[in-house]
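Student: sequence and predicted structure are below.
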Amino acid sequence: MPPSPIVVFDLDGTLADTAQDLIATLNVVLAQEGLPPLPFERARDLIGAGARPLIQRGFDASSMPLDEERLEALYSLFLDHYLRNIAIHTVLFPGVVPALNRLAEEGFTLAVCTNKLEEHALELLGKLGVLDRFAFVSGKNTFPVFKPDPGHLRLTIARAAGDPARAIMVGDSKTDIDTAKNAAIPVIGVTFGYTNIHVRDLGADAVIDHFDALDGAIARLLGASP
C-alpha cells in the first residue's frame, strides 16, 4: 500500500495559541530574579525563538546581565514550571479540530514537527484533546537535528509513514518556512502566529488567515506539485 499524503504542522502559533502560558512562565522566572514582568504585547512575537532567547530578552529589557551558567539554571526552572502549567490559558486556534477531521477523512496522514521539547509537545496536545489525531509528533530533542534543518521535517514524515512527494508543511514563522524550503516541501503560512516579520513576507507558497482555508490551499499546492 503506497504511503498517504501528509500534512505536518508546527505547534506554537500554528495549531495552538500558547503565548499566555509561555509568557506567564517567563514572568515567574523574572520575578524570582527580582525583575519586572515582560508585558504580553512586547513578549508575544519573541516566542518563536525558544525559551532561552525569551529569558535572555527578559533580562535585556531590564538591562540586566545574564551569564551562560545562570541562563541554563533559569532555563531548567522555565521548563519545569511550564510543563506543570502548560495548558492554563492555551487553546487551539479557531477551526483546528474541524480542519484535522476533514483532512483525516480525505485520507491525509497528520504529524507535528515542533521545536518545543517532545515531552512538552505530547503533554500539550494531550491536554488539548488532539494527540490521537497525529501519526507522529517530533520535538526539538526527538532527532539529532531540529528546525530549520530539513532533516527534522524529513525524519518526521518518515516516522509518520507519510509520502514525502505529497507532503505539506504548515507553520507561522521564518523557521517553519525555511525548514520546508530546505526540504523542498511546499509550505503554508498562517497569519495568526508568532513572528516579528509578517508571514506574507517570508516566502511561503500559500498563506491562510483561518483554518477554514487550509483544505483549498493544500489542494492547490499538491495539484501544482510534480
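Tutor: Great, that's in hand. Bear in mind that the values here come from a model prediction, so they are computed numbers and not experimental data.

Student: and for residue 96, the neighbour number?
Tutor: The burial metric for residue 96, expressed as a neighbour count using other CB atoms under 10 Å, is 20. Backbone N, C-alpha and C define where each C-beta goes, glycine included.

Student: list the contacts for it?
Tutor: With contacts defined as CB atoms under 8 Å, 6 or more residues apart in numbering, the neighbours of residue 96 are 15-16, 130, 211.

Student: now do residue 73
Tutor: Contacts of residue 73 were listed using CB under 8 Å, 6+ apart, and none were found.

Student: how about the strand or helix carrying it as PDB, C-alpha atoms only?
Tutor: In this structure, residue 73 is located in helix 68-84 according to DSSP states H and E. Listed in PDB are the C-alpha atoms of helix 68-84, where the atom choice follows Å, rounded to 0.1, in the frame of the first residue of the first chain:
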ATOM      1  CA  GLU A  68      25.600  31.400  30.500                       C
ATOM      2  CA  GLU A  69      25.600  29.400  33.700                       C
ATOM      3  CA  ARG A  70      22.700  31.300  35.200                       C
ATOM      4  CA  LEU A  71      20.800  31.200  31.900                       C
ATOM      5  CA  GLU A  72      21.000  27.400  32.000                       C
ATOM      6  CA  ALA A  73      19.700  27.300  35.600                       C
ATOM      7  CA  LEU A  74      16.800  29.600  34.700                       C
ATOM      8  CA  TYR A  75      16.100  27.600  31.600                       C
ATOM      9  CA  SER A  76      15.700  24.400  33.700                       C
ATOM     10  CA  LEU A  77      13.300  26.400  36.000                       C
ATOM     11  CA  PHE A  78      11.400  27.600  33.000                       C
ATOM     12  CA  LEU A  79      10.900  24.100  31.600                       C
ATOM     13  CA  ASP A  80       9.800  22.600  34.900                       C
ATOM     14  CA  HIS A  81       7.300  25.400  35.600                       C
ATOM     15  CA  TYR A  82       6.000  25.400  32.000                       C
ATOM     16  CA  LEU A  83       5.400  21.700  31.900                       C
ATOM     17  CA  ARG A  84       3.300  21.900  35.100                       C
END
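
Student: for the record, mean pLDDT for whatever helix or strand comes next after that helix?
Tutor: On the C-terminal side of helix 68-84, the closest following helix or strand by DSSP H and E is strand 91-92. For strand 91-92, the per-residue pLDDT values average out at 98.

Student: pull the distance from strand 91-92 to the chain's centre.
Tutor: Between the mean C-alpha point of strand 91-92 and the mean C-alpha point of its chain there is a distance of 13 Å (CA atoms, centre = their mean, to the nearest Å).

Student: give me the sheet partners of it and which way each runs.
Tutor: Taking DSSP bridges as the criterion, strand 91-92 sits next to strand 16-17 (antiparallel) in its sheet.

Student: and residue 93, how far from residue 190?
Tutor: The span separating residue 93 from residue 190 equals 8 Å under the rule CB to CB, to the nearest Å.

Student: in this protein, where is pLDDT below threshold?
Tutor: For the chain, applying pLDDT under 70 flags the ranges 45, 48-49, 224-226.

Student: at 80 instead, please
Tutor: Segments of the chain classed as low confidence (criterion: pLDDT under 80) are 1, 42-50, 224-226.
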